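Chemist: From the sequence below, what's the structure:
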Amino acid sequence: MATYTKNLKLLKPAENEKYDVNLRNENWDKIDASVGMYTDGVKKHKETNPIDHPDASVTTPKLRDQSVTTPKLADKSVTAAKLADDINEKLNNSYVQKAGDTMQGDLKFVKNQSAIKFQVDKKDVHTIRANGDNGENLELGSSTTTSQTNLCCYNRPGWYGKDKTNTFKPFLFDDDMIITSGTINDGQVLPVPEGFREDECHWLLSINTLNITEANQYSTIVGLNENIKCYHENRKVVCGADLKTSRNIHYAGGDDTDRVKQFNTWCPGTANYVCICRRRFQ
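Modeler: So this is what the prediction gives:
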């Protein structure tokens, strides 16, 4: 009894059956039709532009090493949606996008090999780079193309690192230092400029005038006792001369001989002052 092949259903006569040419030709027709269908399918696939590969049809075992090259890929044909999850994850973790990306870890620049450059109209205008003999200096901007460098913050700007410490040193503004001056009398209190504390002020004093006329009216100046004073104690001004004077005193009932008596007399004066104030930050 005749049987049939599994795929093309070709007739396989039994040994005891008569050979029939027509049946043989039917088998050949089936083979030809099957080969033709496969060949037409391959041809259609090859001639399709672009060639369509169903999802998951191109796998790693089907590709030779370095067989997928740039010339073989159409522009924008490989998108993130077409890549496996592990490849997307590796790309996301290994590379930084040109715009809108974030990163973790240090971004290292090598002296004389790399820098951060800012372009205007496709021209390099500003740079941030390491400078100095050993890269110990940080250079901000360009000496030829950067007009000014603006430091922006809503709190007071400053810097760390003085004497290689983490001590914060704030920048001073114009109104953080003022100098005032004037004249002040002996015994008066030096003024503290508005907006400053006493411990932020330093005063310099010098003699303006000394009034020794009254002391000299009835006396003779013997000496200044080495004391012309001009200073302050807790802002209270000491300005004047500590005079040693003598007077002739007549004793009634005596022998009319004038007696000389010495006195110490304080003669107050007026001082010039200069106040230098620099704001301090706690």
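Chemist: Spell out for me which residue occupies the centre of the chain.
Modeler: In the chain, the centroid-proximal residue (CA atoms, centre = their mean) is residue 151; its distance is 8.7 Å.
Chemist: Might you report the residue contacts of that residue?
Modeler: By CB atoms under 8 Å, 6 or more residues apart in numbering, the contact set of residue 151 is residue 157. (C-beta placed from N, C-alpha, C; glycine too.)
Chemist: Dihedrals phi and psi, it?
Modeler: Note on residue 151: its backbone torsions stand at phi -100, psi 120 [degrees, to the nearest 10].
Chemist: measure it to residue 144 for me?
Modeler: 21 Å (CB to CB, to the nearest Å).
Chemist: can you check residue 44 too?
Modeler: To residue 144, residue 44 is 64 Å away according to CB to CB.
Chemist: who's more crowded, the two?
Modeler: Between residue 44 and residue 144, counting by other CB atoms under 10 Å, residue 44 is the more crowded of the two (9 against 6).
Chemist: can you confirm that one is in a helix?
Modeler: Yes: Residue 44: assigned to a helix according to DSSP: H, G, I helix; E, B strand; the rest coil.
Chemist: For it, give me the pLDDT.
Modeler: Per-residue confidence at residue 44 stands at 72 (pLDDT).
Chemist: And residue 51, by the same measure?
Modeler: In this model, residue 51 carries a pLDDT of 65.
Chemist: now residue 188
Modeler: We have a pLDDT of 97 for residue 188.
Chemist: Return the helix or strand in the chain with minimum mean pLDDT.
Modeler: strand 220-223 (a mean of 50; mean pLDDT, DSSP states H and E).
Chemist: Quick one: list the elements packing against the helix or strand containing residue 276.
Modeler: Here residue 276, judged by DSSP states H and E, is contained in strand 259-278. Secondary-structure packing of strand 259-278 (3 or more CB pairs under 8 Å, 6 or more residues apart in numbering; DSSP states H and E): strand 177-185, strand 201-210, helix 213-217, strand 236-249.
Chemist: could I get these as TSV with distance to residue 81 and mean neighbour count?
Modeler: Shown next, in TSV, are the helices and strands packed on strand 259-278 (distance: least, CB to CB, whole Å; neighbours: other CB atoms under 10 Å):
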stretch	distance to residue 81	mean neighbour count
strand 177-185	63	14
strand 201-210	70	15
helix 213-217	103	11
strand 236-249	83	18
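Chemist: and these, which one is worst for confidence?
Modeler: Ranked by mean pLDDT, the helices and strands packed on strand 259-278 bottom out at helix 213-217, with a mean of 55.
Chemist: still on that earlier bit, ok, the strand holding residue 276: who's next to it in the sheet?
Modeler: Within its sheet, and counting by DSSP bridges, strand 259-278 is paired with strand 177-185 (antiparallel), strand 201-210 (antiparallel), strand 236-249 (antiparallel).
Chemist: which stretch among these comes nearest residue 194?
Modeler: strand 177-185 (9.5 Å; CB to CB).
Chemist: Reformat the helices and strands packed on strand 259-278 as JSON lines; add distance to residue 191.
Modeler: Below are those laid out as JSON lines (distance: least, CB to CB, whole Å):
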{"stretch": "strand 177-185", "distance to residue 191": "8"}
{"stretch": "strand 201-210", "distance to residue 191": "9"}
{"stretch": "helix 213-217", "distance to residue 191": "28"}
{"stretch": "strand 236-249", "distance to residue 191": "11"}
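Chemist: Which one of these lies nearest to residue 126?
Modeler: The nearest among the helices and strands packed on strand 259-278, by CB to CB, is strand 177-185 at 30.8 Å.
Chemist: got a list of contacts for that closest one?
Modeler: The contact list for strand 177-185, computed with CB under 8 Å, 6+ apart, reads 190-191, 193, 196, 208, 237, 239, 268-279.
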